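Asker: Fold the following.
(2 chains)
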Amino acid sequence: SQTIHQWPATLVQPVGSPLSLECTVEGTSNPNLYWYRQAAGRGLQLLFYSVGIGQISSEVPQNLSASRPQDRQFILSSKKLLLSDSGFYLCAWSPRGGLADTQYFGPGTRLTVL
Amino acid sequence: AQSVTQLDSQVPVFEEAPVELRCNYSSSVSVYLFWYVQYPNQGLQLLLKYLSGSTLVKGINGFEAEFNKSQTSFHLRKPSVHISDTAEYFCAVSKGDKIIFGKGTRLHILP
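Answerer: So this is what the prediction gives:
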């Protein structure tokens, strides 16, 4: 069966520090991968998605970036964190191809920027 | 363009009472529709989805939803809620390789 992992589970970082959040998927090949941010009262905001290694689509301009160095690995990064980057970050995967079907979510990373 | 509107940000309901969480979507093409649930400090979990066929879709935990094309709605229902149903519920619609989520509805179960 497929599983999706995210780490760390929680993170407290000072403003201006770098960020690296990792997401890995097991039990499937060629998944579509997604990064979402969930801020209080604002629902789910799609940040990035990827349909293949090295293929990244950005949904919103920001100081975050994403990379997909391997088929089942998706990394969210920042060189300098802002207070507004605080939130709950969710990674998700879905089967490749056609109209988007079910997305499967990881457990999330709670990021607090102080 | 596809979009999703969840009309209620919060819904309080007494335990064992029925509940309906409303969702309307806008789309000019065939879509897939979803309901997800998020328990506190966890990721989202699929409750149910509509792809085609029967307009009444049954999901996990006793939830069901009805696809109504003429009203462009996909409301979620449960005949009798339990305290464990306390969570946030998201309606979503497919858009190419992506899924567009509504802003969510918090379900509060009152004792």
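Asker: Tell me the residues of chain A that contact chain B?
Answerer: By C-beta under 8 Å from any C-beta of the partner chain, the residues of chain A that approach chain B are A:32, A:34, A:41-44, A:46, A:49, A:51, A:88, A:90, A:92, A:94, A:99-108, A:110. From N, CA and C alone the C-beta is placed, and that goes for glycine too.
Asker: Just the pLDDT for residue 82.
Answerer: This is for chain A. Note on A:L82: pLDDT of 94.
Asker: Wait, chain B was what I had in mind.
Answerer: 96.
Asker: Please name the nearest non-neighbouring residue to it.
Answerer: Of all residues not flanking B:H82 in the chain, B:E15 sits nearest, at 6.6 Å (C-beta to C-beta, 6 or more residues apart in numbering or on different chains).
Asker: and the one you found, how far is that from chain A?
Answerer: Using C-beta to the nearest C-beta, to the nearest Å, B:E15 is found at 25 Å from chain A.
Asker: which of the residues of chain A next to chain B count as buried?
Answerer: A:32, A:34, A:43-44, A:46, A:49, A:88, A:90, A:92, A:94, A:100-106, A:108 (16 or more other C-beta atoms under 10 Å in any protein chain shown).
Asker: In strands, which of those fall?
Answerer: A:32, A:34, A:44, A:46, A:49, A:88, A:90, A:92, A:94, A:104-105 (DSSP state E).
Asker: And the residues you listed, which is the shakiest by pLDDT?
Answerer: Scoring those by pLDDT puts A:L44 last, at 88.
Asker: confidence score at the closest residue in space to that residue that isn't next to it in sequence?
Answerer: Closest residue to A:L44 apart from its sequence neighbours, by C-beta to C-beta, 6+ apart: B:F101 at 4.3 Å. Per-residue confidence at B:F101 stands at 91 (pLDDT).
Asker: What of the one 4 residues further on?
Answerer: The pLDDT attached to B:T105 in the predicted structure is 96.
Asker: So what does it have for phi and psi?
Answerer: Backbone torsions for B:T105, taken as degrees, to the nearest 10, come to phi -130, psi 120.
Asker: Roughly how far does it sit from A:A9?
Answerer: 26 Å (C-beta to C-beta, to the nearest Å).
Asker: And the next helix or strand past the helix or strand that contains B:I100?
Answerer: B:I100 is located in strand B:98-101, with elements delineated by DSSP states H and E. The helix or strand immediately downstream of strand B:98-101 is strand B:105-110, counting by DSSP H and E.
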